[in-house]
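Participant: Build me a structure from this.
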Amino acid sequence: MSVYLIKPLHKKSICWCIELFRDNADGSTSWVNIEDHYRWGQGFVEADMDINLPYEGATQAYAKTDFGWGSELEDGVACYFEYSDDFTDEQKEAFETAYHEGGAGWLFDGEHDWQVEDDYLLIDAPYQVSLCEEDGTIIEENVKLRAKPNPSTSWPFSEEFPKPE
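Facilitator: Modelled structure (predicted):
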């Protein structure tokens, strides 16, 4: 299976975004969103999901973290947390300490009630997109991205279907 490899061309251009939730004993739900920024890393888009590649000139590329050969995020530079309103300052501090000390290991394998709703990478432009074999062999370097369609002249789903009159 082939993958598209997306690498940022500048430092500090990749962010791991994590959305968490927890069902509370009182029936309410708490949530936390984390933006963890790194100097370097990489993301992947499955080759058969090329519709998820960014348009030419897009300011960010989106990639999932669950395929390819690893995001290899290195050298964290900033981390931001956003909490639901039910968090106290003490709970925020405890959560941030647990995350900073345990990282992805704590997040995915730690003993807590948090569930990952979604996690993905945002890669800031400029970036390079290459089509690769699953083992990392490059098939095509610098893949040409598709142009963004003009919404005033094209039907949003496909050229195959005519725009309704």
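Participant: Could you give the number of residues near the closest residue to residue 92 other than its chain neighbours?
Facilitator: For residue 92, ignoring the flanking residues on the chain, the nearest one in space by C-beta to C-beta, 6 or more residues apart in numbering is residue 83 at 5.8 Å. For the C-beta atoms, the positions are set from N, CA and C on the backbone; glycine is no exception. For residue 83, the tally of surrounding residues (other C-beta atoms under 10 Å) stands at 16.
Participant: gap between residue 83 and residue 17?
Facilitator: The gap separating residue 83 from residue 17 is 15 Å, by C-beta to C-beta, to the nearest Å.
Participant: Please report phi then psi for residue 91.
Facilitator: Backbone torsions for residue 91, taken as degrees, to the nearest 10, come to phi -70, psi -40.
Participant: Could you report the neighbour count for it?
Facilitator: Neighbours around residue 91, by other C-beta under 10 Å: 13.
Participant: Sketch out the low-pLDDT regions of the protein for me.
Facilitator: Residue ranges of the chain with pLDDT under 70: 151-165.
Participant: what about the helices in it?
Facilitator: For the chain, applying DSSP state H gives helices covering 89-109.
Participant: Could you list the residues in contact with stretch 41-49?
Facilitator: For stretch 41-49, contacts defined as C-beta atoms under 8 Å, 6 or more residues apart in numbering pick out 1-8, 14, 16, 52-53, 61-65, 67-69, 71-74, 121, 123, 131.
Participant: now the strand ranked longest in the chain and helix 89-109, what's the angle there?
Facilitator: The single longest strand within the chain, with elements called by DSSP state E, is strand 29-40. Orientation check (axes from the mean of the first three to the mean of the last three C-alpha atoms, to 10 degrees): strand 29-40 against helix 89-109 gives 70 degrees.
Participant: packing partners for strand 29-40?
Facilitator: Identification of packing neighbours for strand 29-40 by 3 or more C-beta pairs under 8 Å, 6 or more residues apart in numbering; DSSP states H and E yields strand 14-23, strand 74-83.
Participant: Can you add distance to residue 47 and give these back as JSON lines?
Facilitator: Output for the helices and strands packed on strand 29-40, formatted as JSON lines (distance: least, C-beta to C-beta, whole Å):
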{"stretch": "strand 14-23", "distance to residue 47": "21"}
{"stretch": "strand 74-83", "distance to residue 47": "25"}
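Participant: Comparing the ones you listed, which stretch has the densest surroundings?
Facilitator: Sort those by mean neighbour count, taking mean count of other C-beta atoms under 10 Å, and strand 14-23 sits at the top with a mean of 18.
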